[in-house]
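everything below, folded, please.
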Amino acid sequence: MNDDQAEFESDVRPGELSVPLPAHVDAGLYFIGTIHTPWHSRGDCPKRGSPDGPICTIEVDERWRAALTDVDGHRRLQVLYWMHRARRDIVLQTPRRTGQTTGSFALRSPVRPNPIASSVVDLVAIEGTVLHVRGLDCLDGTPLIDLKPERDASC
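A predicted model of the protein is given here:
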């Protein structure tokens, strides 16, 4: 058992259940950039992003610059990101907020088999491949998976 595994084992709360992870990965993805926020620990990070929260930056890798064409025509964007510091092996969780043990898929916790998260943010500005946004709720250095314009229900 390495140090990370030992740290994870000590994180299991009463009533929680950890399972072995699969031996192989089913798919691959490309991280297309990095998100920068003021938060460096899970305890500091807000539970939900807020439109009046701090301005955060999304740095898109240069190779994807052309994909940003016309993004500035959208006021709000959906940001998909990989919660790279989250556990992936807990299937029953006991949130501190409620103390009630429940399944991971019934929670918005970052602890899940595939730690993919999504936030809808307000686009403040774009400078080259750097987007300035409000409304994120992830840790500094979080890998970016994708950006999508928010569409209203009539689209």
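
CA only for contacts and neighbour counts going forward, please
Fine.

select the longest strand from the chain.
Secondary structure of the chain read by DSSP state E shows that its longest strand is strand 116-127.

in that strand, which residues are buried?
Ile116, Ala117, Ser118, Ser119, Val120, Val121, Asp122, Leu123 (16 or more other C-alpha atoms under 10 Å).

so where is this protein shaky, pLDDT-wise?
1-10, 152-155 (pLDDT under 70).

can you give me the strands in it?
Counting by DSSP E, one finds strands in the chain at the ranges 17-18, 33-36, 55-60, 76-82, 90-93, 102-103, 116-127, 130-134, 142-149.

need the ones you listed in a markdown table (columns: distance to Lys47).
Below are these laid out as a markdown table (distance: least, C-alpha to C-alpha, whole Å):
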| stretch | distance to Lys47 |
| --- | --- |
| strand 17-18 | 23 |
| strand 33-36 | 17 |
| strand 55-60 | 16 |
| strand 76-82 | 15 |
| strand 90-93 | 16 |
| strand 102-103 | 18 |
| strand 116-127 | 11 |
| strand 130-134 | 14 |
| strand 142-149 | 15 |
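
need the nearest residue in space to Ile55, chain neighbours excluded.
Arg134 (4.9 Å; C-alpha to C-alpha, 6 or more residues apart in numbering).

check Pro20 too.
Nearest residue to Pro20 in three dimensions, chain neighbours excluded: Asp89, at 6.4 Å (C-alpha to C-alpha, 6+ apart).
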